[in-house]
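Student: prediction below, plus the sequence it came from.
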Amino acid sequence: MTIVVFFTLFSVCLLGAMSPGPSLAVVTKHALSGGRFNGLCTAWAHASGVFFYALLTSSGLAVLLQHSPVLFKALTWLGAGYLAYLGVKSLMSKGGIQAQLQSGKKVSALAAAGDGLAISLFNPKIALFFIALFSQFIGVADNMAETAVIVATPALIDGLWYTLIAVVMSSQAVVQRIQAKAGIIDKVTGGVLILLAVKAVSL
């Protein structure tokens, strides 16, 4: 694997991680309402889901997903249902940023990690990324070490990117500024998540 190929892989993975979507919303929510540790747990649990897809792709099992419309559709509907569930919760401010800031109660780190993992495993956009783009890089590895690097790269980039998001969003200055607008953020986030759910099932 040449430096050029690795740089291309790095760039594709970074752009994939940085693209706005439900993952960003979930990490931001837990960082704002639960603090930095919860945000970091969400970020790296999300990266674990990304690593699972990378491993799946490298083992060739992604071909099964690619050539099984029923299986892929099932994943899509599961993901859309989960996004809609999160969206409704945010719209109703039950478990959203506003409710958690007002009550002073934090969601457990385990629950935050569960949300991070679920949003990565059930996000059709991530599945499509690995089937359509990431799979192209698996064949360029000359040995097991290079395969390991290729598989680890998207997970590390994803984890580091959302670590940055968690650190920024959990800073005291940001939380204080957002606290008064938490209800609006919940409504906007809920609407976006529901729209993403609708878009997912229409793919």
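Tutor: That came through, no problem. Computed from a prediction, not measured in an experiment: that's the story for all the values here.

Student: around the closest residue to A166 other than its chain neighbours, how many other residues sit close by?
Tutor: In this structure, A166 finds its nearest non-sequential neighbour in G39, 3.0 Å apart by Cβ to Cβ, 6 or more residues apart in numbering. For glycine as for every other residue, the C-beta is placed from the backbone atoms N, C-alpha and C. When neighbours are defined as other Cβ atoms under 10 Å, G39 has 29 of them.

Student: quick check: buried residues in the strand or helix carrying A166?
Tutor: Using DSSP states H and E, A166 sits in helix 144-169. Neighbour counts over helix 144-169 (16 or more other Cβ atoms under 10 Å) mark 147, 150-151, 153-159, 161-163, 165-166, 169 as buried.

Student: just curious, which of the residues you listed is nearest to T2?
Tutor: Among these, I150 lies closest to T2 (Cβ to Cβ), at 12.5 Å.

Student: for the buried residues of helix 144-169, which one is nearest A111?
Tutor: Using Cβ to Cβ, the shortest approach to A111 within these belongs to A166, at 15.3 Å.

Student: list the contacts of that closest one.
Tutor: V27, H30, A31, R36, G39, L40, T42, A43 (Cβ atoms under 8 Å, 6 or more residues apart in numbering).

Student: the last one against V27, yeah?
Tutor: Yes. Here A43 lies in contact with V27, judged by Cβ atoms under 8 Å, at a distance of 5.5 Å.

Student: who touches both of these two?
Tutor: Common neighbours of A43 and V27, using Cβ under 8 Å, 6+ apart, are G116, Y162, I165, A166.

Student: any idea how far the last one lies from M92?
Tutor: Computed with Cβ to Cβ, to the nearest Å, the distance linking A166 and M92 is 25 Å.

Student: what does the first one give?
Tutor: G116 sits 22 Å away from M92, going by Cβ to Cβ.
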